[in-house]
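**Student:** no sequence on hand, only this structure:
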């Protein structure tokens, strides 16, 4: 059974549902996600797609990494 990650939810919501997301996102270049203050402030309105645009990281690369780790993407 695969895990589902909903890209329409905020980063805060996604991370609260699944702690593994924090490590995956850090490895993809979102280092600040490990900072609880950032997660609790910016993470409450930022989605993964919005963050990808801001950081200049291809959304397709992020999707591929989550799929590789057993996730299904919901958008």
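**Tutor:** Cool, the structure landed. The structure displayed is predicted, hence computed values, not measured ones.
**Student:** which elements pack onto whichever helix in the chain runs longest?
**Tutor:** Criterion DSSP state H: the longest helix present in the chain is helix 59-68. Under the contact criterion of 3 or more CB pairs under 8 Å, 6 or more residues apart in numbering; DSSP states H and E, helix 59-68 touches helix 20-27, helix 48-55, strand 71-74. For the C-beta atoms, the positions are set from N, CA and C on the backbone; glycine is no exception.
**Student:** so which bits of the second one are buried?
**Tutor:** When burial is assessed from 16 or more other CB atoms under 10 Å, helix 48-55 yields the following buried residues: 48, 51, 52.
**Student:** want to try TSV for those residues, with pLDDT as columns?
**Tutor:** Formatted as TSV, these follow (pLDDT from 0 to 100):
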residue	pLDDT
48	96
51	94
52	96
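**Student:** closest one of those residues to residue 15?
**Tutor:** Closest to residue 15 out of the buried residues of helix 48-55 is residue 48 (10.3 Å), distances taken as CB to CB.
**Student:** so that closest one touches residue 11, yeah?
**Tutor:** Yes. Applying CB atoms under 8 Å, one finds residue 48 in contact with residue 11, separated by 6.3 Å.
**Student:** mutual contacts of those two, please.
**Tutor:** Common neighbours of residue 48 and residue 11, using CB atoms under 8 Å, 6 or more residues apart in numbering, are residue 25.
**Student:** for this structure, which spans come out with low pLDDT?
**Tutor:** 1 (pLDDT under 70).
**Student:** which non-adjacent residue is nearest the residue most central in space within it?
**Tutor:** Among the residues of the chain, residue 48 comes closest to the average C-alpha position under CA atoms, centre = their mean, at 4.8 Å. Among residues not flanking residue 48 along the chain, residue 7 sits closest, at 5.1 Å (CB to CB, 6 or more residues apart in numbering).
**Student:** got the phi/psi numbers for the one you found?
**Tutor:** Note on residue 7: its backbone torsions stand at phi -70, psi -10 [degrees, to the nearest 10].
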